[in-house]
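[1] Fold the following and give me the result.
(chains A, B, C and D)
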Amino acid sequence: MKKFIVILMLAVLGYYLGTTFYSLGFGDARFEHGVKDYYLENTVSQLNVANTITSIIVSFRGFDTLGEVTVLFLAATALGGILYKKRHHIGDRSVLFPASSIVRSGSKLLFPAVILLGVYVFIHGHLSPGGGFQGGTIVATGFLLMLLAYQDFTVSHHILSFVESFAGIFFVAIGLLGFINGGTFLQNFMPVGTLNDLFSGGVIPIIYILVGFKVAAELTGLIYTVLNEKD
Amino acid sequence: MKHELFEILQFGIYSASILLILIGLYAALTKRSLIKIVIGLSIIDAGIHLLLVAIGYINMGTAPIFSPGYEDAAATMVDPVPQALVLTAIVIGFAVTAVALSLVIRLYRHHHTLEIDEIKNLKW
Amino acid sequence: MIYLILVFFLLLLMLGAAVYAIVQKDLLYAVIATGVISLVLTALFYMLQAPDVALTEAAIGVALTTIIFIITIRNTVRHEDDYNKKDDLKSAIE
Amino acid sequence: MVGTPVLLIAIPLLAAFLIPLLGMLWKELVRIIPGIVLAYMMILSASLLYYVLENGPIIEVLGGWSPPMGINLVFSPLTGFLTTIMTFLGFIVWLYSYRFKRNVDFEPAKKYFIFLMMLVAGAVGIVLTGDIFNQFVFIEIVGISAYALTAFYTGRNSAEASFKYLLMGSLSASALLIAIAIVYSQLGTLNMAEIASKVHLMDPTFKVIAMIFFIVGIGIEAEMFPLNGWAPDAYTEAPGPIGAAFAGILVKAGIYAMVRMIFTLFDVPGAVDFLLAIGLVTLIIAETAAVKQDRLKRMLAYSSIGQMGLVMVAFGIGTLEGVYAALFLMLNHAIIKPLLFLSGSYLVFNSKDKYINEVNGLGKYLPITSVLFSLGAFAIVGLPPFAGFWSKLSILMAAANEGMLLIIALILMVSVVEIVYYFRVVNRIYFFEKSKDVIPHRPRFNALLSMIVLGVIILVIGFYPDSVTGIIHKASEDLMNTEQYINNVLSVGKSLTK
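    Sure thing, here's the model as predicted:
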């Protein structure tokens, strides 16, 4: 009976969603002068950043990213809080059986390459697709690979929380620095170099590298907490 | 012929994302196992992200990146704003899923079962 | 034309993976199906000219979400309507 | 002027990132820093509100990009009024729970204070921001810290209550995202002021459907009737002071988001009557459910939902007096309900299931707490000398001007129901014998101080209401005329573009 009501409700919801989005049109410009035209013009002229999405995320809507980084910080802290166990009986790693030799040798080889890729992605955030979030996640998967392959590979919680806190503090500090010459919070106060070279876009690459460090440290800590959960 | 093909593409992507949302909602509301409910939630998220990006697509558009050869291709670029929103939404969806799964582990620690009916000792 | 066929194939694959993820009783396969959905979504984002989002979906949707689900299954129960402790995963392997 | 509105959100974030570090140096710092930060936020928002009441709203531009392009914060009489209430309440809850977490060892206590500070900062963010997607991000911040706080105790039910809350919260987030997708695809902008000015260009069917998704999304946060299944469980399972924080801060932000969306963003005519209808349904269902409860905290939770229903009814009347009455009721509810939660949690401190009959005869053992609890009970019911009387009177007058006799009858009937279940508890405190196995727990000094401060404010508003009515009149005018809101925000845009 309950399933029938749910299916009925879903049919109604699907009908309304369908009619709305089909009549909404696909692939044609629906509004004449929206916000995107301003963004597309000004990423090159005022910020000299090649990747428009990075300039939107860090400079035009930088406050969103600050909230975004806080959401990840809160999720990592919440995970630590919810799965909290007394210090003395932290479970050993809940990996069922030791990794086979292929995984062990392979991951020793792959680990530096994955970290290098992650760092490359978040350093070139403002030139090529990618950025702080993507690069940080790739670095976290690198650490995950080592955590799964080697039982004795441990990541010290102190270093992780140091990196995480320092990256967060510098991000807010750069935001506050925006006030110095009469500007506003998160304003781009650095000179904006030339388009398509590494040091273009003023504050934007610095903020995105900090976000990359923070996301990498947070997700590694998050996975480490969940992984050491064997009760 | 080109425009007619494009209509089918539009129909396909919109209906796929709406179907994903409906499948996810069905799982979240009717399935009994907690992990299945969280899977349903992440499927709803996937559907919505596809919907948001499909909103910003412009016919024959290019990616909104001014790489060396495309400095002045601003006119034919796809709308970058929904992509920026989806990037934030994906990370938020992941954070909520991680918190949900930690709660599932905590519930399992107490009740040693993942069936939502056995855990229902909070009444309306 | 080829482009259209490819997109339709990917859409059908994604919807099939979604239904499989819901119906499958063994949670491990259901979670892998969720990973497949994210994988296909990455390809679709790439076709919709959204490279940043494709990279994020690949990094977070496929890699980390699947891993966190599998670790949770590792700590709780493998089959959907199963009550006993989680040693059935070891028995299933031997 | 001590600073700009953005510091209200930037400083708590900075402190939240600092606490794990400083916690390693000296354990006590983890308890002191949130207090300093919340006190600073309270003083800053009070001084900004004083400034704004004199010379018009402050529009804070972020990232150097003028409003329609960048994100902006709007510190107007309405948002300033709500921000000051929330930061004040955050400080009171911190003061109450400063020693409260002594028995819990260091790690969870650190997280408790971080989540409390982020709950307040997120709610302030929801109220101040002028951008719908930014509001969505802040709703998520408040959401995650609320899930973590609900699951704080390692008891049997807290994880389940938190999971149910998370399930509803993520469905609301999905509904909000769909609504944002529809609005953005039609108007090309995410800024509230520009949406309000361009909304007439939108096709009416899209407008109604976007509004429905918005109402479903924000309704879960603002505890509307069909969507507040999570609220009673979350209030009861959360620690005592957090129940007060939920009732005082989280629900206010939800109601503000709902009202801003209905009054300013969309001008769909039927929305205000819908708000009236939903508010009435929420009021009646919650109050009747509250009578049946035998646990103190669940009863307070239902009463809080009922009060929010009454606020929605007041907003639903739609006139200036209606909005004035609603804001006055929000202020009173934000002061009285936390007092009831805080004193109530001391009355049933040592009992596992917190039954009401464990409160018998505590009048002799916890004199001050029970006096404060009964003061709160008299105030919320609306007896003359206390604060609640004025707000209920203003609602009845607003309804009378509109000739809604049915609503007046319903509100009076519900007040009678409230009197029944509150006085039932008060007379148990004083006129029943204490049973042997109940061990009263004397509140510590800081908890007592925070409760007394709330009690004094109730008396001050009760005897001298026009200390606050001036602010509320300005705030209600600020909400009613949307053109002024649009001109303020977009004019800053014109002047700033270089």
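
[2] Which single residue in the stretch 201-350 of chain D comes nearest to chain B?
    Nearest residue of the stretch 201-350 of chain D to chain B (C-beta to the nearest C-beta) works out as D:Asp233 at 4.7 Å. Placement of C-beta: from N, CA and C, glycine included.

[3] mind listing the helices for chain C?
    Using DSSP state H, the helices of chain C run over C:2-23, C:27-47, C:51-56, C:65-75, C:88-93.

[4] right, is the first one up against chain B?
    What that stands for is helix C:2-23. Yes. Residues of helix C:2-23 contacting chain B under C-beta under 8 Å from any C-beta of the partner chain: C:Leu4, C:Val7, C:Phe8, C:Leu11, C:Met14, C:Leu15, C:Ala18, C:Val19, C:Ala21, C:Ile22.

[5] Serialize the residues you listed to JSON lines and add fields for neighbour count.
    What follows is the residues of helix C:2-23 next to chain B, written out as JSON lines (neighbours: other C-beta atoms under 10 Å in any protein chain shown):
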{"residue": "C:Leu4", "neighbour count": "13"}
{"residue": "C:Val7", "neighbour count": "19"}
{"residue": "C:Phe8", "neighbour count": "15"}
{"residue": "C:Leu11", "neighbour count": "21"}
{"residue": "C:Met14", "neighbour count": "25"}
{"residue": "C:Leu15", "neighbour count": "17"}
{"residue": "C:Ala18", "neighbour count": "27"}
{"residue": "C:Val19", "neighbour count": "14"}
{"residue": "C:Ala21", "neighbour count": "26"}
{"residue": "C:Ile22", "neighbour count": "21"}
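
[6] count of residues packed around the residue of the stretch 201-350 of chain D closest to chain B?
    Using other C-beta atoms under 10 Å in any protein chain shown, the number of residues around D:Asp233 comes to 23.

[7] Would you mind measuring from it to D:Met168?
    10 Å (C-beta to C-beta, to the nearest Å).

[8] same check, this time on A:Ala78
    Distance, A:Ala78 to D:Met168, using C-beta to C-beta: 17 Å.

[9] re earlier: now pLDDT too, for the residues of helix C:2-23 next to chain B, in JSON lines please.
    Shown next, in JSON lines, are those (pLDDT from 0 to 100):
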{"residue": "C:Leu4", "pLDDT": "84"}
{"residue": "C:Val7", "pLDDT": "90"}
{"residue": "C:Phe8", "pLDDT": "90"}
{"residue": "C:Leu11", "pLDDT": "93"}
{"residue": "C:Met14", "pLDDT": "94"}
{"residue": "C:Leu15", "pLDDT": "94"}
{"residue": "C:Ala18", "pLDDT": "94"}
{"residue": "C:Val19", "pLDDT": "94"}
{"residue": "C:Ala21", "pLDDT": "93"}
{"residue": "C:Ile22", "pLDDT": "92"}
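
[10] Convert the C-alpha atoms of the lowest-mean-pLDDT helix or strand in chain A to CSV, please.
    Ranking every helix and strand in chain A by mean pLDDT, DSSP states H and E puts helix A:35-45 at the bottom, with a mean of 82. C-alpha atoms of helix A:35-45 as CSV (Å, rounded to 0.1, in the frame of the first residue of the first chain):
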residue,chain,number,x,y,z
VAL,A,35,25.2,37.5,-15.2
LYS,A,36,27.3,35.0,-17.3
ASP,A,37,28.0,37.6,-20.0
TYR,A,38,29.6,39.8,-17.4
TYR,A,39,31.6,36.9,-16.0
LEU,A,40,32.8,35.8,-19.5
GLU,A,41,34.0,39.4,-20.4
ASN,A,42,35.6,40.1,-17.1
THR,A,43,37.6,36.9,-16.5
VAL,A,44,40.0,37.9,-19.2
SER,A,45,39.9,41.7,-19.0
